[in-house]
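Trainee: Here you go, sequence then predicted model.
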There are 2 protein chains.
Amino acid sequence: MRWTLPSDRIPEAWFNVLPRLPEPLQPPLHPATKQPVGPDDLAPLFPMALIGQEMSAEPWIDVPGEVLDVLRLWRPTPLIRARRLEEALGTPARIYYKDESVSPAGSHKPNTAVPQAFYNKQDGVPRLTTETGAGQWGSALAFATTLFGLECKVYMVRTSYNQKPYRRVMMETWGATVEPSPVDEPDHPGSLGTAISDAVRDAATRDDSHYSLGSVLNHVLLHQTVIGLEAKEQLALAGEEKPDIVIGCCGGGSNFGGIALPFVLDEGVELLAAEPSSCPTLTAGTFDYDFGDTAGMTPLLAMYTLGHDFIPPPIHAGGLRYHGDAPIISNLVKSGRMRAVAYPQGKVFEAAVQFARTQGTIPAPETGHAVRAVVDEALKAKEEGKEEVILFSFSGHGLLDLQAYDDFLAGRLDAG
Amino acid sequence: MRWTLPSDRIPEAWFNVLPRLPEPLQPPLHPATKQPVGPDDLAPLFPMALIGQEMSAEPWIDVPGEVLDVLRLWRPTPLIRARRLEEALGTPARIYYKDESVSPAGSHKPNTAVPQAFYNKQDGVPRLTTETGAGQWGSALAFATTLFGLECKVYMVRTSYNQKPYRRVMMETWGATVEPSPVDEPDHPGSLGTAISDAVRDAATRDDSHYSLGSVLNHVLLHQTVIGLEAKEQLALAGEEKPDIVIGCCGGGSNFGGIALPFVLDEGVELLAAEPSSCPTLTAGTFDYDFGDTAGMTPLLAMYTLGHDFIPPPIHAGGLRYHGDAPIISNLVKSGRMRAVAYPQGKVFEAAVQFARTQGTIPAPETGHAVRAVVDEALKAKEEGKEEVILFSFSGHGLLDLQAYDDFLAGRLDAG
């Protein structure tokens, strides 16, 4: 079964978790002075509306009408009960997934790309720069900027630029310009850290440009809460009082935050982040102030981190290869409200293929991490004979990651 | 705006156009005897339920519950008003598209793959064979067979097999076996005609196998009528009395039939097929009895044809490279109830990129033909100052055809 909502039932306000956190968020610090950054420090990079959202104490923040108009191209997204997967597992658990793969860019990323493009347009900024790893975020911003008539420059991690030409073509089809990063070292494979440095430098040195980030920051997680808010309403339509556990894959935290944050005040709802064991930020990182990029140009954020010079191995889930994690997610893990689990990619693809062969849709490798956690949770429920309600975010499809499936099916995939 | 329907509002009966045709359909003829084929002639290849549908005089045919259960994974598909495209064109026309790209395989093809897999499963047939050109149909059947636990063997046109490895991976992810065609001539580039011959030969010579076809036949078009039936209901929700024109791209006819046939009895609704000028079956072919395949193994069908030995040039819209057309579509074009228009691929990609940059979703090259026709129709409405209502089938997305967009954007595409 599948629960849709009419397009006038899209959430008209975002859920702001900041005033609801069990412990207050530690402020970001200026990279040079190590003092808390203020709005003026951020103004060269972001429009004031986003800076305001970054620090807002309002419990709900209205979604502008122009943003709703674009989100309605694919939202509300469907909630689907994974009955065929349940049957294959023989579990008494009821598994629901929120299908974010139906967006034009194929993932949840446009949920924040659209408002970011809108607020910049409103501020008269004609050009945005950003970084992208595997290409999900760059695609989303290219899509959003073309709808608002903005220019878009994407710095793409060089290995992905060379290995994933189709993601580049997607961005170019939407009118963006794509350049491999680091721009000044043509033999360097690049990383999210170097690409962030390139994109921030570009925006900071040009009057006509702002920078746009696809995860980690508070306003990004805020925009993603439409996922969890819609899912709540759809679970009620499905006759469920509440989920017992909410699961999402977690790299920078925007997908997991999007599905989980609206449940943060709900008692008896467990919140579980799934990350790769090759980049185990939440399960093996240290909670500390650290830079968001390699070059140390961004503010210092209080978060779980593997160190800003950590170079993760080249696993297929490029969207999860980030050394840090959102301060909001880090705060909630530290306080015990959320927990995390890590998986090697061999186990991830095993679950992803099982999902594809039962439910049809082929998960992105990132999404496969959530699927792995869901399967394990459902098997545990089977052992315990427990009618658990599992909700997870199907954050994106894998149609631009089929090389990874080919490697897995042919036994060429590094299982780690 | 976007109109969805709850999953219990999926059509529970298919619309059978056979008893409603202005002139009766000419029967298929046996390839050897040239006499009309009967059910027994088809029994080695198809289950009796499908053979019955192929010849049925019932105006409506019930969709089995097991089929509805699978279709509900993505159906009803949304109807979307293309307001941003309208604004970009400055047209008074109102443009609506039925988004069939949201299926797990990314096109309308699963609408018939699912019932075909079901009826074969019901008949105890454990294995299906088929052909695929660009890979849309092979993917759809691989998806459907995995859900019903059937084996699937796909013969893929050799040039596509070599040039589109990701389509092969998609089919293998769903558990299918894929082999390049023709199987006995490793240097031959292959065509849909050779692949049909390979697939039919395989099924005809094995007791455990049936053959499955993704277009052309009456039962295939029947299954696709869910597209037009849902669109009718959604147009009413959008406050439209009726469309003035219904448009679809047309290769074998299953997509165009799916959106157009439910409107065939409605007065004042024009039905327009868009095809490639490099394979102009309806606009430049001859109406005659011809074989469906190259080797002359299939029954002879009364249809518009370019000749069963016609080898279309290697354009990007592989799904439209077929020498013939569905007998139902051919019949309705011949009688004047439908008409057709042909476009060169340069003009097609121009419109497809405009669609991507206004509405977001990137069209499959096949779908681009319909978009081109829609844009031309909307510009004509602008010239005439006419508030026309245009409905078209967005038959599939182009995420596995990005090479074609790269060629177009880089000026490498053959415009013809």
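Mentor: Done, it's in. Numbering: from 1, shown residues only, chains lettered A, B, ... in the order given.
Trainee: my guess is residue A:217 meets residue A:328, correct?
Mentor: No: Residue A:217 sits out of contact with residue A:328 when judged by Cβ atoms under 8 Å, with a separation of 9.0 Å. Where you see a C-beta, it was placed from the backbone N, CA and C, and this is true even at glycine.
Trainee: would you say residue A:303 is within a strand?
Mentor: Yes: counting by DSSP: H, G, I helix; E, B strand; the rest coil, residue A:303 is found in a strand.
Trainee: Can you verify my assumption that it contacts residue A:291?
Mentor: No: counting by Cβ under 8 Å, residue A:303 sits too far from residue A:291 to count as a contact (10.4 Å).
Trainee: Let's see the pLDDT reported for the closest residue to residue A:367 other than its chain neighbours.
Mentor: Spatial nearest neighbour of residue A:367, excluding adjacent residues (Cβ to Cβ, 6 or more residues apart in numbering or on different chains): residue A:395 at 4.8 Å. Per-residue pLDDT puts residue A:395 at 98.
Trainee: repeat for residue A:272
Mentor: Predicted confidence (pLDDT) for residue A:272: 98.
Trainee: Give me the contacts around the helix or strand containing it.
Mentor: Element membership of residue A:272 [criterion: DSSP states H and E] is strand A:270-276. The contact list for strand A:270-276, computed with Cβ atoms under 8 Å, 6 or more residues apart in numbering or on different chains, reads A:244-251, A:253, A:256, A:260, A:263-264, A:281-283, A:312, A:315, A:317, A:320-321, A:329, A:332-333, A:337-345, A:348, A:369-370, A:372-373, A:377.
Trainee: Show me the residues you listed that map onto strands.
Mentor: Those of the contacts of strand A:270-276 mapping onto strands are A:245-249, A:338-343, per DSSP state E.
Trainee: which among those end up buried?
Mentor: Among the ones in strands among the contacts of strand A:270-276, the ones that count as buried by 16 or more other Cβ atoms under 10 Å in any protein chain shown are A:245-249, A:338, A:340-343.
Trainee: Just give the number of residues close to the residue of the stretch 251-400 of chain A found nearest chain B.
Mentor: The nearest approach of the stretch 251-400 of chain A to chain B comes at residue A:360, 3.5 Å away (Cβ to the nearest Cβ). If you count neighbours by other Cβ atoms under 10 Å in any protein chain shown, residue A:360 ends up with 22.
Trainee: isn't it right next to residue B:102, touching?
Mentor: No: Residue A:360 is beyond contact range of residue B:102, at 11.3 Å (criterion: Cβ under 8 Å).
Trainee: shared neighbours of these two, anything?
Mentor: Common neighbours of residue A:360 and residue B:102 (Cβ under 8 Å, 6+ apart) are residue B:74.
Trainee: Identify the residues contacting the helix or strand encompassing residue A:114?
Mentor: Residue A:114 is part of helix A:110-122 when elements are defined by DSSP H and E. Residues outside helix A:110-122 that contact it (Cβ under 8 Å, 6+ apart): A:47, A:49-50, A:63-64, A:66-67, A:70-71, A:74-75, A:100, A:103-105, A:128, A:137, A:140-141, A:143-145, A:147-150, A:210, A:212, A:214, A:219-220, A:223-224, A:226-227, A:254, A:258.
Trainee: Can you select the buried ones among those residues for me in PyMOL?
Mentor: Applying 16+ other Cβ under 10 Å to those, the buried members can be selected in PyMOL as follows:
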select buried, chain A and resi 47+49+50+63+66+67+70+71+74+75+100+103+104+105+128+137+140+141+143+144+145+147+148+150+210+212+214+219+220+223+224+226+227+254+258
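Trainee: Now narrow the contacts of helix A:110-122 to whatever sits close to chain B.
Mentor: The subset of the contacts of helix A:110-122 within reach of chain B, by Cβ under 8 Å from any Cβ of the partner chain, is A:74, A:104-105, A:143, A:147.
Trainee: the helices in the stretch 51-200 of chain A, which residues?
Mentor: Along the stretch 51-200 of chain A, the stretches classed as helices by DSSP state H, counting those that start in this stretch are A:65-71, A:83-89, A:110-122, A:136-148, A:158-163, A:165-173, A:192-204.
Trainee: If I look at the residue of the stretch 201-350 of chain A found nearest chain B, what pLDDT would I see?
Mentor: Nearest residue of the stretch 201-350 of chain A to chain B (Cβ to the nearest Cβ) works out as residue A:237 at 8.9 Å. Note for residue A:237: predicted pLDDT of 95.
Trainee: neighbours around it, how many?
Mentor: Neighbours of residue A:237 (other Cβ under 10 Å): 13.
Trainee: which residues does it contact?
Mentor: Residues in contact with residue A:237 (Cβ under 8 Å, 6+ apart) are A:3, A:5, A:79.
Trainee: could the residues you listed go into CSV alongside neighbour count and distance to residue A:18?
Mentor: Formatted as CSV, these follow (neighbours: other Cβ atoms under 10 Å in any protein chain shown; distance: Cβ to Cβ, whole Å):
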residue, neighbour count, distance to residue A:18
A:3, 21, 30
A:5, 19, 27
A:79, 25, 26
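Trainee: Touching the helix or strand of chain A with the lowest mean pLDDT from outside, list them.
Mentor: When each helix and strand of chain A is scored by mean pLDDT, DSSP states H and E, helix A:158-163 comes last, with a mean of 89. The contact list for helix A:158-163 (Cβ under 8 Å, 6+ apart) reads A:132-135, A:167-168, A:178, A:180-182, A:188-190, A:314, A:318, A:403.
Trainee: switch the cut-off to 6 Å
Mentor: The contact list for helix A:158-163 (Cβ atoms under 6 Å, 6 or more residues apart in numbering or on different chains) reads A:134, A:180, A:189-190.
Trainee: send the alpha carbons of it over as CSV?
Mentor: Taking Å, rounded to 0.1, in the frame of the first residue of the first chain, the C-alpha atoms of helix A:158-163 are listed here in CSV:
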residue,chain,number,x,y,z
ARG,A,158,37.9,15.1,-9.2
THR,A,159,37.6,11.3,-8.8
SER,A,160,33.8,11.6,-9.1
TYR,A,161,34.1,14.1,-12.0
ASN,A,162,36.2,11.5,-13.9
GLN,A,163,34.3,8.4,-12.8
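Trainee: That one: which residues count as buried?
Mentor: A:158-161.
Trainee: For residue A:203, which non-adjacent residue is spatially closest?
Mentor: residue A:211 (3.8 Å).
Trainee: same question, residue A:75
Mentor: Per Cβ to Cβ, 6+ apart, closest to residue A:75 is residue A:10, 5.1 Å.
Trainee: Touching, the one you found and residue A:74? I think so.
Mentor: No: Residue A:10 sits out of contact with residue A:74 when judged by Cβ atoms under 6 Å, with a separation of 10.2 Å.
Trainee: interface residues of chain A facing chain B?
Mentor: Proximity of chain A to chain B (Cβ under 6 Å from any Cβ of the partner chain) is limited to residues A:2, A:4, A:7, A:72-73, A:102, A:104, A:143, A:146, A:166, A:169, A:172-173, A:175, A:356-357, A:360-362, A:399, A:402, A:405-406, A:409.
Trainee: Can you flag the buried ones in the residues you listed?
Mentor: A:2, A:4, A:7, A:72-73, A:102, A:104, A:143, A:146, A:166, A:169, A:172-173, A:175, A:356-357, A:360-362, A:399, A:402, A:405-406.
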